[in-house]
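Enquirer: Sequence and predicted model, in that order:
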Amino acid sequence: MEKVKLNKLPVPTFGRSGVNYTEREINSFEAENLTVENNDSKKLIQYIDTTRTFETRLTVGSGAKARLVQIFHNSGQTVSRLDAVLEDNAKLELIQLYLGDDTVSEINTRLKGENSEFSADIAYSLDKNDTLDINMIAEHYGRKSSSQINVSGVLNDSAAKTFKGTIDFKHGAVGAKGSEQEEALLLSEKVHNRTVPVILCAEEDVQGSHGANIGRIDEKLIFYMQSRGMSEESIYRLLARSKLERIIRSIEDDDTEKRIYNTLEWEYEQ
Amino acid sequence: MKEKTQLNDIDRSIYDFRYDEDKEDFLDSGITPDIIKEISQEKNDPQWMREFRLSSLEIYKKTPMVKWGPSIDGLDVNNIVTYIRPKSRMNTEWDNVPDNIKETFEKLGIPKAERESLAGVGAQYDSELVYHNVRKEVAQSGVVYTDLESAMHDPLYADIIRSHFMKLVPPTDHKFAALHGAVWSGGSFVYVPKGVHLDIPLQSYFRLNAKGAGQFEHTLIILEEDSSLHFIEGCSAPKYYEAGLHAGCVELFVGKNAKLRYSTIENWSKNMFNLNTKRAIVEENGRIEWVSGSFGSHVSYLYPMSILNGRKASAEFTGITFAGEGQNLDTGAKIVHNAPETSSYMNTKSISKSGGISTFRSAVTINEKAEGSRSSVSCESLMLDRISRSDTIPVIDVKTDKCDVGHEAKIGRISDEAVFYLMSRGLDEENAKAMIVRGFADNVSKELPLEYAVEMNNLIGLEMHGSIG
């Protein structure tokens, strides 16, 4: 196995920030090609619970809709690459849940077609010495293409997470819109959180925005919930759970949802 | 088709006058130990500085150029003249300054500003300070504002200079910091004693007149406990076809409960490579405020850094960047929270037009010890046409849970709805768009001293003519 540079930031920045790439020892990628034909609709679920190095190449044809759910509950190291291409009026909904150990995940979505739409809903819950490095790149080529990226999660113990999210408006992507939002809840003084929300823009008529909120819960909210009789510990537990639960409920697949609940040792309610 | 907004490039012609230099005053171009020794000889450096320059040169040779940021192709450092002998010694009497230099600064409005609104002025022409003066009452309060070379030889300040010079920005920081350590010349030394508050600003103005030359001034400011200062820095150069280089260095030491505001209007000509390094360290309850306007240069790398080292230290960065034709301006800020309950606020605006590239690049680091710290970053970019480019590359690095960090950024064009709204209130299209662009820059311009805010509004020029079609 050799050490390979992964998750390269599309435009490098200050070397000392340590976010330009990450390195792992890996073998070659196992590749899987998936296609959603024109005007078709498909739901795909990948549950990763072993050590893997794999690449998913997904093409979403004109007018087609794809919903890809990826659950990373690996023990050991997993390196994942998702390479998606969206044609005219294609729609990709990506749902990702990261539940631990060492994961490197790159998502590169090319919004080639006019009116193509990409949405990503990502949640993570990390503790102990878990590490997670996500490199999300949405490249807008098509006119009026749109992307919406939401990331939220919880870090506990000595967990470390890097989220790099790039919205790249290419020349010609007239009328494109892109937004990304991240909320990271930090629950231990030993956690390490890095957020790099990048917007690259070579087109005038576009709208791009990103926002990030990192840290602890608003004191007013804690005070309110305490005044309703909850302890601080249970408030944090509840809010941490709510971040995951929102994503899990959106999977809309009972078997997968049950499996995640079992893993998290939560009680499953229909 | 949607309407287009045309903004004219900044009118720089007022800066483009120049005088011929006497070539005999130029040291040979390039960077060799002999040139460095010659600079030391010319400047009568103390022994430690002679050694410092030579060791910096070694670091320069070994250090590679950074692998990110705009290309600096076109800059041949070996062809840059690093030192130009001054025509006159430093003066404290304006009348003794040589006529052509005097005329230059008169045209730039510096003596007028000194008379009307400044506590002291320093003027650098090419490699050396030509004029430095402070008001009598300011000097009597114990404030020192002089050139670094004189201070280095003054027994009162020699040790202070030695213990602070390039300690915040060591020559190992990056390649051009090492170059600066080897060839620096000119710049200012400011010392504000404990408890002294300067109500009116000090200003240094840097003018690079010579062709194919570099300017490497060093600004060292030390604020003792409970003091305050507003320092203004202005830069300009006439346009040449040969590349010029500005690799200055600013080191600011802000003591306990002290407050420093550092304002810069950078308006180098479009043949300049502006590779400048600025850094401040702030002690307990101290505050640094940066106000930064970047309008000139061909290529800029500029990220003033604030290190918040004492409890409740705070930093504020307000910046505007305007990148026009042929410009690649990579600007932003770095903030390091090293102590509990520190706070920072960054607010930047950038405008790109006529193929100009503007990049906002930042790094906010909350270290393990910075419990209870808060940071907020807001950056907005305006694209004025389809051939320009605007990138936003922020890094947020958090190593403790007890903090509150927020970040928001927006990019886009002038909103049709806003134009429509203003037009429905009776404005014509051109005025509506002009008003929106001025409003976009407003929160930065209102932080500038009045005469600079007026200059900025004139600079942005904003001769706008909407065209439909």
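Expert: Right, received. Where do you want to start?
Enquirer: and B:Q140, how many neighbours?
Expert: Using other C-beta atoms under 10 Å in any protein chain shown, B:Q140 has 9 other residues around it. Bear in mind the C-beta positions are built from the backbone N, C-alpha and C, glycine included.
Enquirer: so how far is B:F189 from it?
Expert: 18 Å (C-beta to C-beta, to the nearest Å).
Enquirer: Assign A:F163 to helix, strand or coil.
Expert: strand (DSSP: H, G, I helix; E, B strand; the rest coil).
Enquirer: Pretty sure it sits against A:Q181.
Expert: No. Using C-beta atoms under 8 Å, A:F163 is not in contact with A:Q181; the gap is 11.1 Å.
Enquirer: Comparing these two, which residue is more hemmed in?
Expert: A:F163 (26 against 17).
Enquirer: Distance from the chain centre to stretch B:187-207, please.
Expert: Mean C-alpha position of stretch B:187-207 versus that of the full chain (C-alpha atoms, centre = their mean, to the nearest Å) differs by 15 Å.
Enquirer: Residue of the stretch 151-300 of chain B nearest chain A, please.
Expert: At 9.3 Å from chain A, B:H174 is the closest residue in the stretch 151-300 of chain B, using C-beta to the nearest C-beta.
Enquirer: Then the stretch 1-150 of chain B?
Expert: Counting by C-beta to the nearest C-beta, the stretch 1-150 of chain B gets nearest chain A through B:W68, at 4.1 Å.
Enquirer: Just give me the neighbour total for the closest residue to that residue other than its chain neighbours.
Expert: In space, and not counting its chain neighbours, B:W68 is closest to A:P12: 4.1 Å by C-beta to C-beta, 6 or more residues apart in numbering or on different chains. If you count neighbours by other C-beta under 10 Å, A:P12 ends up with 16.
Enquirer: what's the answer for B:E137, then?
Expert: By other C-beta under 10 Å, neighbour count at B:E137 equals 9.
Enquirer: how about low-confidence regions in the chain?
Expert: You didn't say which chain, so I picked chain A. For chain A, residues meeting the criterion pLDDT under 70 lie at A:270.
Enquirer: switch to chain B, that's the one I care about
Expert: Ranges of chain B meeting pLDDT under 70: B:1-30, B:85-92, B:108-111, B:113-120, B:126-130, B:210, B:212, B:235-242, B:449-452, B:454-469.
Enquirer: near chain A, which residues of it?
Expert: Counting by C-beta under 8 Å from any C-beta of the partner chain, the residues of chain B close to chain A are B:2, B:66-68, B:334, B:361, B:363, B:368, B:371, B:381, B:383-386, B:388-413.
Enquirer: now do 7 Å
Expert: For chain B, the residues in contact with chain A (C-beta under 7 Å from any C-beta of the partner chain) are B:2, B:66-68, B:361, B:363, B:383, B:385-386, B:389-413.
Enquirer: who's in contact with the residue of the stretch 151-300 of chain B closest to chain A?
Expert: B:T63, B:V66 (C-beta atoms under 7 Å, 6 or more residues apart in numbering or on different chains).
Enquirer: Phi and psi next, for it.
Expert: phi -160, psi 170 (degrees, to the nearest 10).
Enquirer: Counting neighbours, what do you get for B:S375?
Expert: Residues near B:S375, counting by other C-beta under 10 Å, number 26.
Enquirer: again with B:N100
Expert: The burial count for B:N100: 14, using other C-beta under 10 Å.
Enquirer: Show me what the strand or helix carrying it is packed against.
Expert: Using DSSP states H and E, B:N100 maps to helix B:99-108. The elements that helix B:99-108 packs onto, with contact taken as 3 or more C-beta pairs under 7 Å, 6 or more residues apart in numbering or on different chains; DSSP states H and E, are strand B:120-125, strand B:202-207.
Enquirer: Nearest residue to the residue positioned nearest the centre of chain B in space, please, no chain neighbours.
Expert: By C-alpha atoms, centre = their mean, chain B has its centre lying nearest to B:T264, at 4.9 Å. Nearest residue to B:T264 in three dimensions, chain neighbours excluded: B:E233, at 4.6 Å (C-beta to C-beta, 6+ apart).
Enquirer: How about B:H298?
Expert: Closest to B:H298 by C-beta to C-beta, 6+ apart is B:K270, at 5.2 Å.
Enquirer: In a helix, that neighbour, correct?
Expert: No. Counting by three-state DSSP, B:K270 is not part of a helix but coil.
Enquirer: number of nearby residues for it?
Expert: So B:K270, with other C-beta under 10 Å, has 18 neighbours.
Enquirer: How much space separates it from B:Y303?
Expert: Distance, B:K270 to B:Y303, using C-beta to C-beta: 21 Å.
Enquirer: The closest residue to B:K43 other than its chain neighbours: neighbour count?
Expert: Among residues not flanking B:K43 along the chain, B:E149 sits closest, at 5.9 Å (C-beta to C-beta, 6+ apart). Residues near B:E149, counting by other C-beta under 10 Å, number 21.
Enquirer: Repeat that for B:L148.
Expert: 22.
Enquirer: before we move on, what about B:D226?
Expert: 18.
Enquirer: so it makes contact with B:P193?
Expert: No. Between B:D226 and B:P193 there is no contact under C-beta atoms under 7 Å: 9.8 Å.
Enquirer: next one: phi and psi at the residue in the stretch 201-350 of chain B that chain A sits nearest to?
Expert: Going by C-beta to the nearest C-beta, chain A is nearest to B:K334 of the stretch 201-350 of chain B, at 7.6 Å. Here is the backbone geometry of B:K334 (degrees, to the nearest 10): phi -130, psi 140.
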